[in-house]
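[1] Next input, structure requested:
(2 chains)
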Amino acid sequence: MTDSAEVKIPVSGIGIRRKPSASIAVIGNPNAGKSTLFNRLTGLRQTTANYPGVTVEKHIGTVQLESSAINLIDLPGIYSLDGDSADERIAVDVTLGRVAGTPKPTGLLVVIDATHLYQGLYLLEQLLELQLPTMVALTMIDAATASGISIDIEALSASLGGVPVHPVSSITGHGLTELKQALDGISDVAAPAIPASWPELSETARDLTQQLGDDWQRIDVIQSLLQTNPERERALNEQLGTERVNQLRAHLFENAPPAAVEAQQRYGWVKQTISEVQEQTPLLLKMGARLIRWSNKPWPATLMFFVLLLLVFQAVFTWATPLMDAIDAGSSMLGQKLIAVLGDNALSSFLADGVIAGVGSVIIFLPQILILFLFIILLEDTGYLARTSFLMDRVMRTVGLSGQSVIPMLSSFACAVPAIMSTRVIPDRRDRIATIMAAPFMTCSARLPIYALLIAAFVPSTSVGWMNLQGLVLFGLYLLGIVGGLSTAFILKSSALKGPKPRFMLALPEFRTPNFQTVALKLYDRARIFLKRAGTIIFTVAVVVWVLAYFPRMDVNAYNAGITNIESTENTSHANAEAAAQMSQSFLGRIGRTIEPLFKPLGWDWRVSSAVIAGFPAREVVVAVMGTIYAVGSEVDDQRLAEKLRAAKWPDGRMIFTLPMVLGMLVFYAWCLQCAATVAAIRRETNTWRWPIFSWVYMTTVGYVGALLVFQLGTRLFT
Amino acid sequence: MTLADLLPGESARLDKINPADPGVIRLMMLGLVEDITVRLENVAIGGDPMEVGFFGTAVSLRKEQARFFEVTRISASD
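    Next comes the predicted model:
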């Protein structure tokens, strides 16, 4: 069986396709233009999957060259091989061929940003210890020239011990042909010599490797000495004796932390090399920097962030409306057409009310989600998201987290699943889990349909000052999510996940123009994931709900004989009353009435209860289910449904949807974890069932208690 | 004085780093090592965290970590 997460994108091409004969790992600093170069070289011939057991994305693409084809393995962006994050470990393991299912690379393509030689050369020097044929792609060469940096390529290559350096511009495509030609012959490139940045360490490691035998590579010995690989460190201690290892260490590091000594040594060399091969140290602030400098001042920058946030949300709601209306109209038209063609029977009901209405009610959010993601991707690729973390670090500190939790929290406003995946950048596990627990509280786009329905039906559209009451309630619900999430993080960080104060350090990239192709590919990925979800989870829920509501069929004769005790409103037509009776005695109705006592304290009758239950796998189906239950049929028409809800009564004639009940229900939806995909994402990212179970139980309880308090207090105070 | 005492716009030379904190080592891996010149580019509201520029790069760090970096001021604010 093939990995289901792996999607092959076929592309029609011209010419002869060869089977890839070699694999080259592409590696470099974050923001060095690695993904852009990778996309430029491989086009759409790539696959995306996860490395087994860890949550690091694996991108492999094929590039057709003059005389061969090679696989390119795109590794995560890193600064150093010494760090202990999953990204850094995977990068080392892949390059050494130690990851199951990933071929051992035959060479390395190291991507270095010409405007950031400093950090790029540091990583390169570490990578040379891997002893693989290595080549450098010097990206952003045009940007470097524009800011007055000139680099002597030959001198650079010479100081790297002859490693070939190829300047490229991914924007203009300049240098790509030469790079491809060079890649074609990478197997002929000699493995690099001892790197010049810290010969003493490299030579010590080389000599030890010869003693230790086949099992050991130079990088293993180096990592053991640097104490960055505990497993290898133990093995080294066993083979050489702890005393010998400690002697070596004392000699090399003089009792300072090894990684600090390495940084001092290698960066010292890098600094020297840059002064030899590069003219003019780049200035951080370039031309036209005055505005940027002003906008970077603490207060203006923070203000700008909030204005931007407001604009993004505004855009998400206004731009998406026409598209959403079109999808809505399309799906209800399709449903009606089907009934017209097939007649009113089980099959047409299944297709129209079950499949089309169910899946359509989810597809309708595609425009909103794509617009929101477009903004997030653009903010990320321009380098602004890192700034956001910087500006918001102070706020996150009050709940025990750092600015790095801001990006996942912002993404949660679109969808918690990618947000949970984006917590990978958070180095500390406790901070990461606290962020994962907080993220699902943020108002994701799936909460909007139920918010929209209930607010439109029960909150009067009156003005409060210059604001509209409906808008104010919606704003309040967003706030409720934020408060819920941040308090959860705070509680966890001061109890179960108590740990050292999170550090906050990250490289702040400069602002740059995002690459169109990269943005388009990322957006395509999001759309694919969303539609897959609509096609699987949501489709299943829609089908199950339809079956439960449709069967068993009611005995119509018995019904018509007048043996009816079904509560029906005065203006309900006969057909509607019949449908309501069918619903009441269906499996769904029976389940609803069984669980009704559980939700009665919240003011919910069996119909609301069963709709809520049906929404646990995916909260966005609740509107469609209510439509089915209240017998609105295939038309997912909010207005008609709202009328039905307003008219719904208890058997004793009291209104069901009172204001306290509706507000309670909104609180329930704001806090409850009704999303199987989120539960699955938490399971994947925390690698245990403990956290997803905790999250589900906790959020459901909080939602229930919140709704209970609002309904009970509201009812007592206002009626 | 330490990095934490610089004002936005000021440049300084990193004299001595005390690698007693794992966060400080992490910053060293990002290139904040002894004998380089840095500039305090920006601060967030309240002066913390701060953005330090060097060799065309910028990293952000909190004041707690900045205190581990001893510096000599080179130039006043421009």
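[2] contacting residues for the closest residue to chain B within the stretch 1-150 of chain A?
    Residue of the stretch 1-150 of chain A nearest chain B, by C-beta to the nearest C-beta: A:Tyr118 (3.8 Å). Quick note: C-beta positions are derived from backbone N, CA and C, even for glycine. Listed by C-beta atoms under 8 Å, 6 or more residues apart in numbering or on different chains, the contact set of A:Tyr118 reads A:267, A:270-271, A:274, B:31, B:54-57.
[3] Mind doing that once more with 6 Å?
    Applying C-beta atoms under 6 Å, 6 or more residues apart in numbering or on different chains to A:Tyr118 gives the contacts B:31, B:55.
[4] Under the pLDDT cut-off, which ranges of chain B? List them.
    Residue ranges of chain B with pLDDT under 70: B:76-78.
[5] how much space between the most centrally placed residue in it and A:Phe551?
    The residue lying closest to the centre of chain B (C-alpha atoms, centre = their mean) is B:Leu3, at 4.5 Å. For B:Leu3, the distance to A:Phe551 equals 71 Å [C-beta to C-beta, to the nearest Å].
[6] Quick check on A:Asp525: phi, psi?
    Reported as degrees, to the nearest 10, the phi and psi values for A:Asp525 are phi -60, psi -50.
[7] swap that for A:Arg98, sorry
    phi -110, psi 20.
[8] neighbours of it, just the number please.
    12 (other C-beta atoms under 10 Å in any protein chain shown).
[9] give the contact list for the closest residue to A:Ala648 other than its chain neighbours.
    Excluding its sequence neighbours, the residue lying closest to A:Ala648 (C-beta to C-beta, 6 or more residues apart in numbering or on different chains) is A:Ile656, at 4.5 Å. Contact partners of A:Ile656, counting by C-beta under 6 Å, 6+ apart, are A:605, A:648, A:650.
[10] dump the residue contacts of the first one.
    Meaning A:Asp605. A:Ile656.
[11] Tell me how far it lies from chain B.
    In this view, A:Asp605 and chain B are 50 Å apart by C-beta to the nearest C-beta, to the nearest Å.
[12] Over to A:Met554?
    On the measure of C-beta to the nearest C-beta, A:Met554 and chain B end up 65 Å apart.
[13] Is that residue in a helix, a strand, or coil?
    Look at A:Met554: counting by DSSP: H, G, I helix; E, B strand; the rest coil, its state is coil.
[14] That one reaches A:Gln582, doesn't it?
    Yes. Counting by C-beta atoms under 6 Å, A:Met554 does reach A:Gln582; the two are 4.6 Å apart.
[15] what residues does chain B put near chain A?
    B:19, B:23, B:25-31, B:33, B:42, B:44-46, B:49, B:51, B:53, B:55-62 (C-beta under 6 Å from any C-beta of the partner chain).
[16] So which of those residues sit within helices?
    Judged by DSSP state H, the subset of the residues of chain B next to chain A located in helices is B:23, B:25-29.
[17] And the helices in the stretch 551-700 of chain A, which stretches?
    A:556-560, A:574-585, A:587-599, A:606-614, A:622-629, A:638-647, A:659-671, A:676-686, A:690-718 (DSSP state H, counting those that start in this stretch).
[18] residues contacting residue 42?
    Chain wasn't specified; assuming chain A. By C-beta under 6 Å, 6+ apart, A:Thr42 lies in contact with A:61, A:63, A:72.
[19] try chain B instead
    Here B:Asn42 is in contact with A:296, B:51 (criterion: C-beta under 6 Å, 6+ apart).
[20] how does it look with 10 Å?
    Shown in contact with B:Asn42 (C-beta atoms under 10 Å, 6 or more residues apart in numbering or on different chains): A:293, A:296-298, A:301, A:387, A:390-391, A:508, B:8-9, B:49-53, B:58, B:60.
[21] before we move on, what about A:Ala439?
    A:405, A:408-413, A:415-420, A:422-423, A:485, A:488-489, A:678, A:681-682, A:695 are the contacts of A:Ala439 under C-beta under 10 Å, 6+ apart.
[22] Mind doing that once more with 8 Å?
    For A:Ala439, the contacting residues are A:408-409, A:411-412, A:416, A:419-420, A:423, A:485, by C-beta under 8 Å, 6+ apart.
[23] Could you take those residues and lay them out as CSV, with extra columns for neighbour count?
    Formatted as CSV, the contacts of A:Ala439 follow (neighbours: other C-beta atoms under 10 Å in any protein chain shown):
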residue, neighbour count
A:Pro408, 24
A:Met409, 25
A:Ser411, 25
A:Ser412, 26
A:Ala416, 26
A:Ala419, 26
A:Ile420, 27
A:Thr423, 25
A:Gly485, 24
